[in-house]
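Trainee: let's see this in three dimensions:
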Amino acid sequence: MNRLVIAIDGPSGAGKGTLARTVAERLGYTHIDTGAMYRAVGWLAMQQGLSLDDDDQVSALARRATYQQADGQITIDGHDVTRAIRTPEIDKAAASVARLQRLREELVRQQREMGAAGAVVMEGRDIGTVVFPQADVKFYIDASPEERARRRAADPAHTGSPSNIASVQSDLVARDKSDSTRKVAPLAQAPDAIYIDTTSMPIEAVVHRVVMLILEKMEA
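Mentor: Below is the predicted model:
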């Protein structure tokens, strides 16, 4: 069977994380959440008192750090940060470090190494455009701002407790603007990506559609 590279991009709250994990499980592929890498680096930089605007220091930190992602657990330099990086504070930290050019170059290098052997479902904001522009199948997962805010507000993994939807939506809009206007690898849909609006779709329906499209590619 072909060992494909599957790229799943999209904004926060669109459902790409749940989709990527589930699709990887169905296919027996490795799931890689690249956004978690930026979050983990942002978390570690804050722990060490580094400025999140200092590209030299933050990129050097990323080169030195040992990052692991397996079975839903995320560690960096031996620290289990699985829950610690899913907070509004780290949302902002990740958006800040994601604008750093040398840091992005370092993490893209690591991500390409992780996916070099194929059989991987990689999610993020620049997988199909920058990390793996030649990915075998690309998806861009989206949803309305209101629906994305509703999902994120109801997710205690990100907010700690059910949160005010208007406040969460404001944060998401700010993150969208930061991601889509940054000079380095902005959030964008790859021209050959399959666009899926999940606003009114149950997650199982999204998973089924994506898996069917991937299986078609495998059999081609």
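Trainee: list the buried ones in stretch 71-86?
Mentor: Residues of stretch 71-86 classed as buried: I74, I76, V81, A84, I85, R86 (neighbour count, 16 or more other CB atoms under 10 Å). Quick note: C-beta positions are derived from backbone N, CA and C, even for glycine.
Trainee: OK, contacts around the closest residue to Q73 other than its chain neighbours?
Mentor: The shortest distance from Q73 to any non-neighbouring residue, by CB to CB, 6 or more residues apart in numbering, is to T82 (5.3 Å). The contact partners of T82, by CB atoms under 8 Å, 6 or more residues apart in numbering, come to G72, Q73, I74, T75.
Trainee: neighbours around T181, how many?
Mentor: By other CB atoms under 10 Å, the residues close to T181 number 10.
Trainee: ok so, going back, could you export the contacts of T82 as TSV, including pLDDT, secondary structure and distance to S200?
Mentor: Listed next are the contacts of T82 as TSV, based on pLDDT from 0 to 100; DSSP: H, G, I helix; E, B strand; the rest coil; distance: CB to CB, whole Å:
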residue	pLDDT	secondary structure	distance to S200
G72	87	coil	28
Q73	94	strand	33
I74	97	strand	31
T75	97	strand	37
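Trainee: burial measure for A153, as a count.
Mentor: Neighbourhood size, A153 [other CB under 10 Å]: 22.
Trainee: name the element Y140 belongs to?
Mentor: Using DSSP states H and E, Y140 falls within strand 137-142.
Trainee: and that strand, which strands flank it?
Mentor: Sheet pairing for strand 137-142, assigned by DSSP bridges, gives strand 5-9 (parallel), strand 194-197 (parallel).
Trainee: for the last one, which positions count as buried?
Mentor: By neighbour count, and taking 16+ other CB under 10 Å as the criterion, the buried residues in strand 194-197 are I194, I196.
Trainee: who's in contact with the closest residue in space to I141 that isn't next to it in sequence?
Mentor: Excluding the flanking residues, the one nearest I141 by CB to CB, 6+ apart is G10, at 3.7 Å. If a contact means CB under 8 Å, 6+ apart, then G10 has K16, R125, F139, Y140, I141, D142 as its contacts.
Trainee: please identify which of the contacts of T82 is nearest to T22.
Mentor: Taking CB to CB as the measure, T22 sits nearest to G72 out of those, at 12.1 Å.
Trainee: now for the closest one: which residues touch it?
Mentor: By CB under 8 Å, 6+ apart, the contact list for G72 reads R21, T82.
Trainee: what's the closest non-adjacent residue to M218?
Mentor: Nearest to M218 is N2, by CB to CB, 6+ apart, at 5.1 Å.
Trainee: and the one you found, how close does it get to D9?
Mentor: Applying CB to CB, to the nearest Å, the value for N2 to D9 is 21 Å.
Trainee: between the two, point out the one with more neighbours.
Mentor: Applying other CB under 10 Å to N2 and D9 shows that D9 carries more neighbours, namely 28 against 11.
Trainee: from Q47, how far off is the more buried one?
Mentor: Taken as CB to CB, the span from D9 to Q47 is 29 Å.
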